[in-house]
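Visitor: how does the following fold in three dimensions:
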Amino acid sequence: MLVLASASPRRREVLSNAGLRFEVRPASIDERPEAGESAEACVIRLARAKAEAVVLNAGEVVLGADTVVRVDGMILGKPASSEDAARMLHLLSGRWHEVLTGVCVRSSSRSFVDTVTTRVHMLPIDQGEIDEYVRGGEPMDKAGAYAIQGIASRFIDRIEGCYFNVVGLPVARVFELYRRMAGELPG
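Guide: This is a model prediction of the structure:
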């Protein structure tokens, strides 16, 4: 049985849509980057910490994941306030950025960890559009302050890489790691 160490409705939806059976046991950890930590190191550390925070029963495999946005070498996680969301959207407006997700698939005896990076281009967004989007509340629990699968889809004109990674879970890579862990296709 696969256990998702996340309360994210987006991750649940991605796994469900891919036909994977799973149970949800959210892990509560501090998701702030450490001083001087790279985006890759951050998402790997957090994915591993989430997977390790879940107590496993016999035959279970846990999935921990964490997603951040990187622009100009800066890590953008979830915005702390409406003002922070607007700041992030200004940084991303009219530019390319990267979305990185770390995944950790762990059993009681071993684990596999990986990162997936997707490049995303956001159209220029004016102040009125940013204000309206932030007022709607969608950016508040999303890395980089936007949801590609939601209203912000109108701002994204190109991606290079895995779309589902931008949603928050690179499901094909997760499936590969899970299959490797289980030694067979999940039921």
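Visitor: use CA for all of it now, contacts and neighbours both
Guide: Noted.
Visitor: which residue ranges form the strands in the protein?
Guide: In the chain, the strands defined using DSSP state E lie at 2-4, 22-24, 61-71, 74-76, 96-106, 111-122, 156-160.
Visitor: among those strands, which is nearest A53?
Guide: A53 sits nearest to strand 61-71 of all the strands of the chain, at 9.1 Å, using Cα to Cα.
Visitor: counting by contacts, list what that closest one packs against.
Guide: The contact analysis (3 or more Cα pairs under 8 Å, 6 or more residues apart in numbering; DSSP states H and E) places strand 61-71 against strand 2-4, helix 39-53, strand 74-76, strand 96-106.
Visitor: out of those, which is the most enclosed?
Guide: strand 96-106 (a mean of 26; mean count of other Cα atoms under 10 Å).
Visitor: neighbouring strands - and their directions - for that one?
Guide: strand 61-71 (antiparallel), strand 111-122 (antiparallel) (DSSP bridges).
Visitor: for the first one, give the mean pLDDT please.
Guide: Spelled out, that is strand 61-71. The average pLDDT within strand 61-71 is 96.
Visitor: how close does A145 get to V116?
Guide: 19 Å (Cα to Cα, to the nearest Å).
Visitor: of the two, who's got more company?
Guide: A count of neighbours by other Cα atoms under 10 Å puts A145 above the other of A145 and V116, at 29 against 21.
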